[in-house]
Every structure is written in structure tokens, then in C-alpha cells.
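Visitor: pasted the sequence and its predicted model underneath.
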Amino acid sequence: MQAGQRYRTRGYVPVAFENPYWPWSWKTPVALDPPDRPVDEDGVFQEIRDGRTYDHPMFQAWYAILLLNGYWRTGDQRYLDRARANVERVIGQAVPYAGADFYPYPFDFALHGDPSDVMTAPWYSAIAQGRVLAALVRMHHFTREDRYGALADRAFRSFLVPHGPGHPWVTWIDDHGLLWLEEYPKEPPMAVLNGHITAALGVREYYEHVADPVLKAQALRVFDGAVSTVRERVMEFRRPGGPSVYGLRRCYPTTAYHPLHVEQLGWLNRFTEDQILLRRGRGPRLRLAAPRALTPPSSSGAAAAGATARTVHIPASAPAGAPAHCGERLVAVRPSRSPPSACGRWRRSPRR
């Protein structure tokens, strides 16, 4: 791998908590045999689509995280054994590239149910990479097996592979010089908020765990870049008077994901101690901390050998059939009493 990815950062360093697994930890363990979770004879999660069963890397990793939380809370070996079965199934499907491992989805997926916009198997996703990364980190922690630590390193390196044709990728750089961790890697990318943040949280967990100083520095930079992207572009997801949009390409408002967006921004606020959050109450707000200058793009990040980092443009104009607000700028209004931090209402401003 060689230096190549250039993107802007703010210097975020995640705050460490006494509970190292927050926010993906729960006081009540998941049931070992939950009735609403389809599993096979090995206790491995299965995705059922059109009457067929598939291995689903993101959900299998998520189930492993739930099971490892149960092991942490109870000490019951059955939780660890079942978590191992799910993690082993995921890593058994890994596709290696440029020193990294990518975990494929084995089924086609129509984005928003649109048959003209399909992720064709095998495809990859930053949200799966981040969840698998967190599961491997926890397996390494609980088993102390070096193999899981090495596999976590390989999973993390997927975030260092630049966007480009002909190979797996889950990151890209927009025309603002900002890093995206892409849930649906295709042209043009979707820029999905919840997938981006979920992947960033997996990277944060790896950063807290990894000992190698080079990988630790790289993980910090990816986390910093990902959160800097949220800080700069989160306003574009907001729809005044309604729920936030799922992603910036299709711009569909989503009542299902809006509460998650609020919760995830609260998590980032706690991890960075920067006042980035959507607050419940009399309508969503955006808290803005004292401004910190973005550093210019640098080439200190690693990239796959022989690959070239590229920037990607998501047009400001709304795609056909999308809500009108897609093409509008959303800006924060700072009250005069605000310095050094401000609570800005979301409002609409004319397109420029």
C-alpha cells in the first residue's frame, strides 16, 4: 500500500469511555434462541429473500456483537460459541484485495425498491465492513486469539482502499475534499448518513483496540475524516418541517431512519465533545461548537498500490422524481448570543 488518499480533517480524537463497547452495548443480553431471528443449524443468522436463505455479512456481524455483549454480561460460554460461529461464517466469505478483506453481499438489492438502481452481487458496503470490524475487535478481546486481531487489521484496511473501477471499494472523496464511508458503493455513490456513521463507529472501536502505531494513526485519520464529513455536510440531510433524508443522491425523506440519525449524531457528539447533534424537542436543532478550521487534504492516508484516489461529484440539482428540497442549501442560523457555541435552527435558503 502507498500514500494516496487525500481528504480534509478537523483533528477529532474520540473520547474513551469506561464502557469500551458503548454505544453498542446493552444491559439485557439477547436471547440465545430469539424467535424473530432466523438462524441455521449452527446458530448463524440467515437472510431470507424471495424464499431463499443467504449469508448476510452485516447482520451476521451485528448478531455476533449482540452475542458478545451477552457473553460480556453473563459469562455464558454459549454466547461466545455462537458469536464465533457467526464471525467465522462471515470471514469465510472474505474477498482479499490489496492487503484488505472485503465481505460480499451474495444477493442483488434494488435501492429503494427501484429495479433500475440495483446493487448486483457480489457487492460490498462500508456499513458491513464497519460492523465486521467491530465484531473482530471484540472477538480478539474476548478470546485473545491473535488470528482475530490480524483479521481486524485486514478488515480495517478496506477503508484505505480508494474509490475506483475494477476492484472493491467502500470509501470515496467528494468534491469538497471530504471522506465518505459508502453503504452502497456504485456510481454515483449514495452518501447514506446512517451507513457512514455506523462504519465510522466500527473504525473508532478498532482505533481504541489496535496497538500497532501505524494502523492506530491510520484509524484515527479515517475516523477524523468521517466525522469531519458529518460536521460539514449534515445540514444537507435535513428537511425543514419533516424527517431527514436517507442519502444525498436520492434524497428520500425517511421517518424510519430519522430517529436513528438523531441518535447517531448524539453519539458523535459524545465521542468528539463537539456539539454535533440533532436534538429532540421543539423541532430538530444543530448544535455547533466553536469553529475549527479544516486541515487541507493531505496524503498521509494509505491507499492500495497502483490505485488512484478520485473525487466524486454529487450534483446539487435534484434527480428525477426526488423531492424538491434535494437541490436546496440548508444552513444554520446562529443566535447573536451564541459564541463560542451556537444552537442553530434548521431553515431553508435559496439555491446558489
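Guide: Alright, I've got the coordinates. For clarity, every value in this text was computed on a predicted model and none was experimentally measured.

Visitor: phi, psi for residue 179 please.
Guide: Main-chain dihedrals, residue 179, degrees, to the nearest 10: phi -90, psi 130.

Visitor: mind checking which helix or strand the residue lying closest to it once chain neighbours are set aside is in?
Guide: Nearest non-adjacent residue to residue 179, counting by C-beta to C-beta, 6 or more residues apart in numbering: residue 225, 3.6 Å away. (Each C-beta comes from the backbone N, C-alpha and C, glycine too.) Secondary structure assignment for residue 225, by DSSP states H and E: helix 213-233.

Visitor: just how off-centre is that helix within its chain?
Guide: On the basis of C-alpha atoms, centre = their mean, to the nearest Å, helix 213-233 sits 12 Å off its chain's mean C-alpha point.

Visitor: elements contacting the helix or strand just after that helix?
Guide: Using DSSP H and E, the helix or strand that follows helix 213-233 towards the C-terminus is helix 258-272. Helices and strands touching helix 258-272, by 3 or more C-beta pairs under 8 Å, 6 or more residues apart in numbering; DSSP states H and E, are helix 193-209, helix 213-233.

Visitor: out of those helices, which gets nearest to residue 131?
Guide: Minimum separation from residue 131 across those (C-beta to C-beta) falls at helix 193-209, 6.0 Å.

Visitor: where does the residue sitting nearest the centre point of the chain land on pLDDT?
Guide: Centroid-nearest residue in the chain: residue 199, 2.3 Å away (criterion: C-alpha atoms, centre = their mean). Model confidence at residue 199, expressed as pLDDT, equals 98.

Visitor: hang on, it packs against residue 179?
Guide: No: the pair residue 199 / residue 179 is not scored as a contact, 10.7 Å apart, by C-beta atoms under 8 Å.

Visitor: shared neighbours, these two?
Guide: residue 226 (C-beta atoms under 8 Å, 6 or more residues apart in numbering).

Visitor: which residue ranges of the stretch 51-200 of the chain form helices?
Guide: 57-74, 77-91, 126-143, 146-157, 193-209 (DSSP state H, counting those that start in this stretch).

Visitor: now the angle from the shortest one to helix 57-74?
Guide: An angle of 140 degrees separates the directions of helix 146-157 and helix 57-74 when computed by axes from the mean of the first three to the mean of the last three C-alpha atoms, to 10 degrees.

Visitor: same check, this time on the last one
Guide: Compare the direction of helix 193-209 with that of helix 57-74 by the same axes, to 10 degrees and you get 50 degrees.

Visitor: so where is the stretch 201-350 of the chain shaky, pLDDT-wise?
Guide: Within the stretch 201-350 of the chain, the stretches with pLDDT under 70 are 275-350.

Visitor: please repeat the previous calculation with a cut-off of 90.
Guide: The stretch 201-350 of the chain contains residues with pLDDT under 90 at 235, 238-242, 250-252, 254, 262, 266, 269-270, 272-350.

Visitor: next one: the stretch 51-200 of the chain
Guide: Those would be 51, 112, if you go by pLDDT under 90 across the stretch 51-200 of the chain.

Visitor: gap between residue 99 and residue 164?
Guide: Remark: distance between residue 99 and residue 164 (C-beta to C-beta, to the nearest Å) = 16 Å.

Visitor: to clarify, my last question referred to residue 187.
Guide: Residue 187 is 11 Å from residue 164, where distance means C-beta to C-beta.

Visitor: one more: residue 69?
Guide: For residue 69 relative to residue 164 (C-beta to C-beta), the value is 37 Å.

Visitor: same thing with residue 235?
Guide: The gap separating residue 235 from residue 164 is 29 Å, by C-beta to C-beta.

Visitor: between residue 69 and residue 164, who's got more neighbours?
Guide: residue 69 (21 against 16; other C-beta atoms under 10 Å).

Visitor: show me the contacts for that one.
Guide: Here residue 69 is in contact with 21, 24, 25, 26, 29, 30 (criterion: C-beta under 8 Å, 6+ apart).

Visitor: any idea how far residue 28 is from it?
Guide: Applying C-beta to C-beta to residue 69 and residue 28 gives a distance of 9 Å.

Visitor: what do you get for residue 139?
Guide: Residue 139 is 22 Å from residue 28, by C-beta to C-beta.

Visitor: look at the two and report which has more neighbours.
Guide: Neighbours per residue, other C-beta under 10 Å: of residue 139 and residue 28, the larger number sits with residue 139, 26 against 8.

Visitor: now do the more buried one against residue 25, distance only.
Guide: Using C-beta to C-beta, residue 139 is found at 15 Å from residue 25.

Visitor: coming back round to it: which one among the contacts of residue 69 sits at the bottom for pLDDT?
Guide: Lowest pLDDT within those is found at residue 21 (88).

Visitor: residues contacting it?
Guide: Applying C-beta under 8 Å, 6+ apart to residue 21 gives the contacts 69, 72, 138, 205.

Visitor: okay if I get these as JSON lines plus distance to residue 55?
Guide: Shown next, in JSON lines, are those (distance: C-beta to C-beta, whole Å):
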{"residue": "69", "distance to residue 55": "22"}
{"residue": "72", "distance to residue 55": "25"}
{"residue": "138", "distance to residue 55": "20"}
{"residue": "205", "distance to residue 55": "23"}
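
Visitor: good, we can wrap up now.
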